[in-house]
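A.B. asks: sequence and predicted model, in that order:
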Amino acid sequence: MERTSTQFDAVYENGVLRPLKPVELPEHERLSVSVNWATDPLADVLDWDAHELAAIEGDESISLEDVQAALSKIPGSMADAVSAERDER
């Protein structure tokens, strides 16, 4: 196995760093660890894959007003749709 550096997000719990996603490391491997605090308070809850996809596929020529105008043409409301779906279950 080629030794290179890797970076991953982790949570510190009960004296142990726990990676948020599986990491490929040999068992009992001795490592040097640097700690950097997340600056984004939502870092734990954001879906980073969706965020990256949106950055790639996003169209900067479409304004927020364009989106709001398009959404306003949809009949009913999101709240009504959610309520109706919950009643069906």
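C.D. replies: Done, it's in. Numbering: from 1, shown residues only.
A.B. asks: measure residue 50 to residue 57 for me?
C.D. replies: For residue 50, the distance to residue 57 (C-beta to C-beta, to the nearest Å) stands at 10 Å. C-betas here are computed from N, CA, C, even on glycine.
A.B. asks: the strands in this structure, which residues?
C.D. replies: 10-13, 16-19 (DSSP state E).
A.B. asks: so which of these is nearest residue 42?
C.D. replies: strand 10-13 (14.6 Å; C-beta to C-beta).
A.B. asks: in its sheet, what does that closest one sit against?
C.D. replies: strand 16-19 (antiparallel) (DSSP bridges).
A.B. asks: restricting to C-alpha, output the strand it pairs with in CSV.
C.D. replies: Below are the C-alpha coordinates for strand 16-19, written out as CSV (Å, rounded to 0.1, in the frame of the first residue of the first chain):
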residue,chain,number,x,y,z
VAL,A,16,-11.9,8.7,20.5
LEU,A,17,-11.9,10.3,17.1
ARG,A,18,-14.7,8.6,15.0
PRO,A,19,-14.6,9.1,11.2
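A.B. asks: pull out the buried positions in it.
C.D. replies: Within strand 16-19, no residue qualifies as buried by neighbour count (16 or more other C-beta atoms under 10 Å).
A.B. asks: before we move on, the earlier item: in JSON lines, list the strands of the chain along with distance to residue 69 and mean pLDDT.
C.D. replies: Converted to JSON lines, the strands of the chain look like this (distance: least, C-beta to C-beta, whole Å; pLDDT from 0 to 100):
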{"stretch": "strand 10-13", "distance to residue 69": "42", "mean pLDDT": "90"}
{"stretch": "strand 16-19", "distance to residue 69": "43", "mean pLDDT": "92"}
